[in-house]
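Dropping a prediction and its sequence here:
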Amino acid sequence: MQQPTGIEATKPVETPKAFVIGWPISHSKSPTIHSHWLEQHNLAGSYEKIAVEPDKLEAFVASLADKGFVGGNVTIPHKEAILPFVDVLHPTAKILGAANTLWFEGDKLYADNTDGYGFLANLDQHQPSWDQNPGAKALVLGAGGAARPIVHGLIERGFEKVTVVNRTRQRAEALALHFETLGMGKVISVSDWEARESLLEDCDLVVNTSSLGMTGQPPLDMDLSALPKSALVSDIVYTPLITGLLDQAQARGNPIVDGLGMLLHQAVPGFEHWFGTRPQVTDELRSLVLGMDRA
């Protein structure tokens, strides 16, 4: 077989590079996750966190190919602002109006939102039959950016009713209107924050998407007495891992799922796009990321 010669023989093989951008970004656990998978699968590649100011976002995206990046993750405050600067929006990113994962196909930059996937995959892993009840009903606490992909995921899984409550009702109504304009509004209802405990009686799932209960934030004041013992309780907060809501649910015998798995599972599709291997979310990875908070 003829050996390559000249420039072809000396051209270096480029190592795939990926990133996470945000402002600020120092808190991100994503480099730990992706570096673990690269090492686990013995893959050449790198993943770095980059602080990008909001007014520098367009220039940063325009420079990706020249800098040799194969893609990356996007976090606050860039998830919505990134959309005009990509070439192809995945349908999920279009529906949610936000993206957290970028990758190149040829010379086209694609964008998707994997937050809803991460939420669903986390519940699938830890409570495999959680969505098997026909006509299931969910109560979603909070109506911020994290709530939108979760509500969308529940609609996709066939939930009959998803009730959203938020401390500011107007924000919950805006979330419901967003899905109504997309023809998905029949599933969603809005209620007052003060009515949250009265809505528990026929719930199959309660999920906290707000920051209440997070370390450094006010507690989530919620009495679960009316909730059926079979109902699943989930909290996307993972610092602390077992929030006050999950602690109360666990004490009364409800199945629970903590929020760390959502962070881990949402990273899977991006890694596969960039490095060509689909990784697994394992107990080893969970322990590694939890250890960051204890260090």
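Perfect, I can see it now. None of these values were measured; they are calculated from a predicted model.

what ranges of this protein fall below the confidence cut-off?
Filtered on pLDDT under 70, the chain yields the residue ranges 1-13, 293-295.

what's the residue closest to the geometric middle of the chain?
With distances taken as Cα atoms, centre = their mean, Asp115 lies nearest the centre of the chain, 2.5 Å away.

what's the spacing between the closest residue to that residue other than its chain neighbours and Ala99?
Using Cβ to Cβ, 6 or more residues apart in numbering and skipping the chain neighbours, the partner closest in space to Asp115 is Pro149 (3.9 Å). C-beta here means a position set from N, CA and C on the backbone, and glycine is covered the same way. The spacing between Pro149 and Ala99, counted by Cβ to Cβ, to the nearest Å, is 11 Å.

what's the answer for Leu220, then?
As for Leu220, its distance to Ala99 is 28 Å (criterion: Cβ to Cβ).

if we can go back for a sec, count the residues that sit near the residue nearest to Asp115.
Using other Cβ atoms under 10 Å, Pro149 is surrounded by 26 other residues.

Show me the domain layout of this structure.
For the chain, automatic domain parsing gives the domain ranges 6-114+267-294, 117-262.

Could you identify which of the ones you listed is most buried?
Neighbour counts (mean count of other Cβ atoms under 10 Å) averaged over each of these peak at domain 117-262, with a mean of 18.

And the strands in the stretch 1-150 of the chain?
With DSSP state E, counting those that start in this stretch as the criterion, the stretch 1-150 of the chain has strands at 17-22, 46-51, 69-74, 88-89, 101-105, 108-112, 137-141.

Distance to Gln40 for these - can I get that in CSV?
Shown next, in CSV, are the strands of the stretch 1-150 of the chain (distance: least, Cβ to Cβ, whole Å):
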stretch, distance to Gln40
strand 17-22, 16
strand 46-51, 13
strand 69-74, 19
strand 88-89, 30
strand 101-105, 20
strand 108-112, 23
strand 137-141, 34
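
Would you tell me which of those strands gets closest to Arg252?
Closest to Arg252 of the strands of the stretch 1-150 of the chain is strand 137-141 (Cβ to Cβ; 16.0 Å).
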